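1. here you go, sequence then predicted model.
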2 protein chains.
Amino acid sequence: MTMAENNPRGNLMAMNCPSREVLKHMTSKWGVLVLIALEGGTHRFSELRRAIGGVSERMLAQTLQWLEGDGLVQRRAYDVVPPHVEYRLTALGVEAAQRVRSLTDWIEANALHISDNWSKNRAEVSK
Amino acid sequence: MTMAENNPRGNLMAMNCPSREVLKHMTSKWGVLVLIALEGGTHRFSELRRAIGGVSERMLAQTLQWLEGDGLVQRRAYDVVPPHVEYRLTALGVEAAQRVRSLTDWIEANALHISDNWSKNRAEVSK
DNA sequence: CTCCATACTTACAAAAAAGTGCGTACTTAT
DNA sequence: ATAAGTACGCACTTTTTTGTAAGTATGGAG
């Protein structure tokens, strides 16, 4: 019996596990940042774009569609011109965002420890 | 003042933030699974390879090097032949792995809710 | 004597992700 | 009259990530 088969925590370790797809959306470069931005409340598309440094319109749109497809984000469009669209977290999305933020908060809190290691390891490599 | 600038949670929202690099390693396709696997204890390279369905040797090696470089994983090599190398989490790595696992546990627990949305959204698109 | 296992590395190829620039339809500000 | 803002879609290119296959040194099994 392999480790993956008797792993009590489920099937993530198995290739072709559908959970890996959701994981991909939530942990994608922009997915993480969208989720934590929306934790601060409803945002319009271009507000998100300005809030998240470096996203292109294309990537932001795609990420929002992924998260909407997973039921983590709700899109509400008003039929006016110029267009007006609002994005907010669903109940599911709030839970997801909390987990993601616990990760990012930890990273930011430990950034100094980690970059210590960067210098140390670079030194080892160079000698 | 932009939203990114007065964001009290730090600089992740700014492009070129070094924390984004760590985030990338931890949330990379294989980084997540390596951290979780190593939560179960020390593993040899090929044990990890068998435990994590679908990793190639190349990707596993690279992922382990990233995590080692960030100080989350410790590598210990015995100078014998055939080679014998063990990987384990550092104290920092244990903390990181806990956050990652809270994310994956949530995903697996909510996989059904999420795939409900998949069917719903597909239906909307097709009509 | 050949094959397998170990823990990788390297070169190359394929696939996926990301970025770029343009178009849209209409309003408001200049 | 022209430019800017809005929320994207589309076509195209570049970049990044991932996979594949092979090579390495050595001992033990068949």
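-> That came through, no problem. Only a predicted model underlies this, so the values are computations on that prediction, with no experimental measurement involved.
2. drop to CA atoms for contacts and neighbour counts, all remaining ones
-> Will do.
3. need the three-state assignment for the most centrally placed residue in chain A.
-> Centroid-nearest residue in chain A, with CA atoms, centre = their mean: residue A:32, separated by 2.0 Å. Assigned with DSSP: H, G, I helix; E, B strand; the rest coil, residue A:32 falls in the helix class.
4. distance of it from residue B:20?
-> 10 Å (CA to CA, to the nearest Å).
5. and residue A:114, that's in a helix?
-> Yes. Assigned with three-state DSSP, residue A:114 falls within a helix.
6. re the thing from before, so who does the residue nearest to the centre of chain A touch?
-> A:26, A:97, A:100 (CA atoms under 8 Å, 6 or more residues apart in numbering or on different chains).
7. give the burial count for the second one, as a bare number.
-> For residue A:97, the tally of surrounding residues (other CA atoms under 10 Å in any protein chain shown) stands at 25.
8. could you do the last one as well?
-> Per other CA under 10 Å, the neighbour tally for residue A:100 reads 23.
9. residues contacting residue A:55?
-> With contacts defined as CA under 8 Å, 6+ apart, residue A:55 is in contact with A:30, A:49.
10. let's see that with 7 Å instead.
-> The contact partners of residue A:55, by CA atoms under 7 Å, 6 or more residues apart in numbering or on different chains, come to residue A:49.
11. could you look up the SS state of it?
-> Looking at residue A:55 with three-state DSSP, the answer is coil.
12. wait, doesn't residue A:118 sit right on residue B:70?
-> Yes. Counting by CA atoms under 7 Å, residue A:118 touches residue B:70, with 6.2 Å between them.
13. who's more crowded, those two?
-> Using other CA under 10 Å as the criterion, residue A:118 and residue B:70 rank with residue B:70 on top: 26 against 15.
14. buried residues, the lengthiest helix in chain A. List them.
-> Longest helix of chain A, by residue count under DSSP state H: helix A:91-109. Under the neighbour-count criterion of 16 or more other CA atoms under 10 Å in any protein chain shown, helix A:91-109 has A:93-94, A:96-104, A:107-108 buried.
15. what does stretch A:68-79 give?
-> Under the neighbour-count criterion of 16+ other CA under 10 Å, stretch A:68-79 has A:68, A:69, A:70, A:71, A:72, A:73, A:74, A:75 buried.
16. same question for stretch A:41-61.
-> A:42, A:43, A:44, A:45, A:48, A:49, A:51, A:52, A:53, A:55, A:60.
17. so how far is residue A:14 from the second one?
-> Note on residue A:43: its distance to residue A:14, by CA to CA, is 37 Å.
18. contacting residues around residue A:68?
-> residue A:74 are the contacts of residue A:68 under CA under 7 Å, 6+ apart.
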